[in-house]
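>>> I'd like to go over a predicted model; first the sequence, then the structure.
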Amino acid sequence: MPYQEKNRNQRNNPRIKEEREYEQQLVDLARVTRVVKGGKRLSFRACIVLGNFKGEVGVGVAKGADVSIAIEKAVRKANKNLIKVLIVNETIPHWVLEKYGAAKILIRPAEKGHGLVAGGVVRTVLSLAGLKNVTAKIMGSKNKINNVQATIKALESLRSQ
């Protein structure tokens, strides 16, 4: 009997979350150094985009002493920063132009059957969000992390009409 009670408590515990099905994509992996008194400290920076193809997408950027540690931390951050994307007929409801740092992203809705026309990391974010008919253009910086953040900001700013 005590064994069953333990399982019941685990089921009702809000800290134990059930695993949701998210696809993750590594967008950027960089070796970064920090200059300290004794020389240079080496670490790795990972940028991960997480999505379920049903309107939820998130991004996480983290550093770690090892590549695997940096990726794990980035995935945890991406899980915490998930946003809900407004999808209407496999596209977005209206044009959106968003800026993050020097990166500018323009996202436009497209007709059914048009497909996902976007370049670089913007394509990754939009496909993981579940958008199938969208046209996007990167107009500012070529910085991958800023482009991902600008895309997330643009998807957050969508409103139903």
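Sure thing, it's come through. Residues are numbered from 1 along each chain as shown.
>>> So which bits of stretch 32-47 are buried?
43-47 (16 or more other C-beta atoms under 10 Å). Yep, even glycine has a C-beta here, placed from its N, CA and C like the rest.
>>> That stretch: end-to-end distance?
Counting by C-alpha to C-alpha, to the nearest Å, you get 13 Å between the two ends of stretch 32-47.
>>> Run the chain-centre distance for it.
Stretch 32-47 sits 25 Å away from the centroid of its parent chain (C-alpha atoms, centre = their mean, to the nearest Å).
>>> Pull the residues that contact that stretch.
Contacts of stretch 32-47 from elsewhere in the structure, counted by C-beta atoms under 8 Å, 6 or more residues apart in numbering, are 26-31, 59-67, 69-71, 73-74, 144-145, 148.
>>> what's the average pLDDT for it?
Mean per-residue pLDDT for stretch 32-47: 95.
>>> List the buried residues of stretch 90-104.
Buried-residue list, stretch 90-104, by 16+ other C-beta under 10 Å: 90-92, 96, 98, 100, 103-104.
>>> For it, the averaged confidence score.
Rounded mean pLDDT across stretch 90-104 is 93.
>>> That stretch: end-to-end distance?
One end of stretch 90-104 to the other measures 23 Å (C-alpha to C-alpha).
>>> so how far is that stretch off the chain centroid?
With C-alpha atoms, centre = their mean, you get 15 Å for stretch 90-104.
>>> cool, and stretch 143-156?
Mean C-alpha position of stretch 143-156 versus that of the full chain (C-alpha atoms, centre = their mean) differs by 9 Å.
>>> Just the mean pLDDT for that stretch, thanks.
Summarised as a single mean, pLDDT over stretch 143-156 is 94.
>>> Any buried residues in that stretch, and which?
Here stretch 143-156 shows 143-155 as buried, counting by 16+ other C-beta under 10 Å.
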